[in-house]
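Asks: can you look at this prediction? I've put the sequence above it.
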Amino acid sequence: MGSYLNNRLTHVWAFLTAITVASWWIGQSRGATFQLDAMVTLTVLLMASVKAQLVIQYFMEVRSAPRWLKQTAYGWNIGLLLLLTGVYWLG
Amino acid sequence: MSDSVSVDAPGIKAPGIKASSGVRQGEPWYKNKKLDQYLCFWSVPIFYTLFGLVFVPLSWMMPPRSPDSSMAEIVAFMQSENLLFACVILILSVGLAAVGNAVYMTQMRRMTVSPAFRFAFMAGSITGPVVGCLFPMFCFGLGAFRPDYDPEILAMLYDFGYLSFIGCLGCFCLMWSMLGLSILLDKNNILPKWLGYYTVWQFVTELFAATVWIAKTGPFAWDGLLAFWFNMVLYVPWQIIVYFYIYKAIQNQPEHELPNVLPVKAQPMLQGNAL
Amino acid sequence: MSNTLESVVHKVDVREQPQVVGAFPGQPSMWFFIIGDLLIFGAYFIAYMAYRSQEPDVFLQSQQAMNQGVGAINTIVLLTSSLFVALGTEAVRAQKIRDSLRLFGLAMVFGALFPVLKIFEWLPKIEAGHTPGENLYLMFYYVMTGLHLFHVLLGLVILGFVMRNIKTAANPDVRFVETGAIYWHMVDLLWLVLFALFYLMR
């Protein structure tokens, strides 16, 4: 089992979990009423995008895939982040 | 559960057959052994033309009107005289849908899946058009049939018509899920695998129509961006692509697989499983 | 000495397996499905954002009633399940059949936890009268998480087929295992965005 603990995938998982906990901490209400907050929104969207990138690269193994697939998958992630923040900005 | 038993006895296969078209050399087109399938196939564009005529220029039911139209708008729509013509055309031509669906089932029989898929497909292809095609046109036609109906009744028929047209997609969902799963499970590769996946998106997004029973405005209402328009964007190209590949599948079907070519004795599939 | 060297080489080998440049994980038709599914979900995400900006107060108020903690636990459950699937795929490549079965089994246990948690999240909400008809946020929430849940359930079925293949085939079909794995990772990926959009953002 040691080789699984000391595996790159496990390290990636630990990092993903850490970001999840951090983003949960940021997104808590702490008793206050939810209000529009561009800072919180941008931070959690960016964190989600980083997580998505790691899942695509390491779990889905796109980092070793042909170029077109890399471009498509990374392009989806970056494009989605830009569009979501863009729509939020305009709204 | 392979029910497309291929009969390869050498004596049965007549010489000089072009496998791609089904035409024997020197024989007229009406002796084409795939004529039945081609007729079914070409009934589809005719059906869709009539269907389009009924639901767009004759009734202006499509694109969908709003669920919260005013009473005056509803009454004006429900009493327009063209609705009667639309109804007549629809009841005369709706049977063509059955002919068109036969072409799917003929090709589905060649796939290495349980016949249960075809039976469920057929059940879905019967219930879907009844609820989604006939019910709405009957509701709208009623308004034009007897113009002195109470506006309240017309408003109810309006809701009934639209909800059955767009809220009926569960039946079509069943039908297309059977086609999609057959494509994905089929080992003969009658239709391409990616088309099976496209079919999965198509029938899963149809489930979104359930929201039209809850939302009266916004993106999930029956004229909404997500409950209607997004589905259309996925559905229309899908329907065209599927028919294109069905046509190719008919062309590629070897003649010895055609049940209407062989004498009855040589068709094991006719003994137990004739559908 | 040579023994330890060998084990090190083996370990490196297992870890670096997927690094063959230009290698294609899974079947191309599954990638077609995944890319299309990502685009479809992407369109819904953007529609959600656009409608949200039209009535932000309604969305924020309903979002406050959500349990951020359950959302985070759901995320970690899916991430953990994904990790086991990824490790299991590596184990299949390294011909470690027993390990891979154990790993995929764990992945399924975590994967099956997700629908259970979802039910415990939905039921109290519905009992409290927060149904899809209440407002647009809740409609989006139930529709999108429902669609995602549908993907999770389908993924559990696929993982079952993957395990059956590993268990019964003389030589497990690595391509097929990879195909099931990338589907499962996509389910994980979509939830990461859903978590940010429906629980965390303001």
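Replies: All right, it came through fine. Every value quoted in this text rests on a predicted model; they were computed, and no experiment measured them.
Asks: show me what the longest helix along chain A is packed against.
Replies: Looking across chain A with DSSP state H, the single longest helix is helix A:67-90. Applying 3 or more Cβ pairs under 8 Å, 6 or more residues apart in numbering or on different chains; DSSP states H and E, one finds that helix A:67-90 contacts helix A:38-54, helix C:28-54. Every C-beta, even on glycine, is put in place using the N, C-alpha and C of the backbone.
Asks: quick one: distance of the shortest one to the chain centre.
Replies: Its chain's C-alpha centre lies 5 Å from the corresponding centre of helix A:38-54 when counted by Cα atoms, centre = their mean, to the nearest Å.
Asks: now it against helix A:67-90, angle please.
Replies: For helix A:38-54 against helix A:67-90, the angle by axes from the mean of the first three to the mean of the last three Cα atoms, to 10 degrees is 170 degrees.
Asks: now the helices for the stretch 151-275 of chain B?
Replies: With helices called from DSSP state H, counting those that start in this stretch, the stretch 151-275 of chain B shows them at B:151-166, B:169-185, B:193-206, B:230-252, B:268-272.
Asks: check chain C too.
Replies: Under DSSP H, chain C gives helices at C:2-16, C:28-54, C:56-64, C:68-93, C:97-127, C:136-168, C:174-195.
Asks: any part of the longest one near chain B?
Replies: Yes - with Cβ under 8 Å from any Cβ of the partner chain as the criterion, chain B is reached by helix C:136-168 at C:Leu136, C:Met139, C:Val143, C:Leu147, C:Phe150.
Asks: what about the closest residue in space to the second one that isn't next to it in sequence, neighbour count?
Replies: Leaving aside its chain neighbours, C:Met139 sits nearest to C:Pro132 (4.6 Å; criterion: Cβ to Cβ, 6 or more residues apart in numbering or on different chains). Here the count is done by other Cβ atoms under 10 Å in any protein chain shown, and C:Pro132 has 21 residues near it.
Asks: does B:Glu206 really touch B:Phe172, like I thought?
Replies: Yes - under the criterion of Cβ atoms under 8 Å, B:Glu206 makes contact with B:Phe172 at 6.0 Å.
Asks: and the helices of chain C, which one is worst for confidence?
Replies: Note on the helices of chain C: lowest mean pLDDT is at helix C:2-16, with a mean of 43.
Asks: where does the residue of chain A found nearest chain C land on pLDDT?
Replies: Closest residue of chain A to chain C, Cβ to the nearest Cβ: A:Gly91 (2.1 Å). Here, the pLDDT recorded for A:Gly91 equals 79.
Asks: residues contacting the nearest residue to it once chain neighbours are set aside?
Replies: Among residues not flanking A:Gly91 along the chain, C:Ser53 sits closest, at 2.1 Å (Cβ to Cβ, 6+ apart). Residues near C:Ser53 by Cβ atoms under 8 Å, 6 or more residues apart in numbering or on different chains: A:Val87, A:Tyr88, A:Leu90, A:Gly91.
Asks: what is the burial count for B:Pro45?
Replies: The burial count for B:Pro45: 11, using other Cβ under 10 Å.
Asks: ugh, wrong one, A:Ala32
Replies: 8.
Asks: now it: how far from C:Gln64?
Replies: Look at A:Ala32 and C:Gln64: by Cβ to Cβ, to the nearest Å, they are 9 Å apart.
Asks: could you list every residue that touches the residue of chain A found nearest chain B?
Replies: Proximity of chain A to chain B (Cβ to the nearest Cβ) peaks at A:Val87, 13.9 Å away. By Cβ under 8 Å, 6+ apart, the contact set of A:Val87 is C:Ile46, C:Met49, C:Ala50, C:Ser53.
Asks: what's the answer for C:Thr179, then?
Replies: If you count contacts by Cβ under 8 Å, 6+ apart, then C:Thr179 has C:Gly26, C:Gln27, C:Met30 around it.
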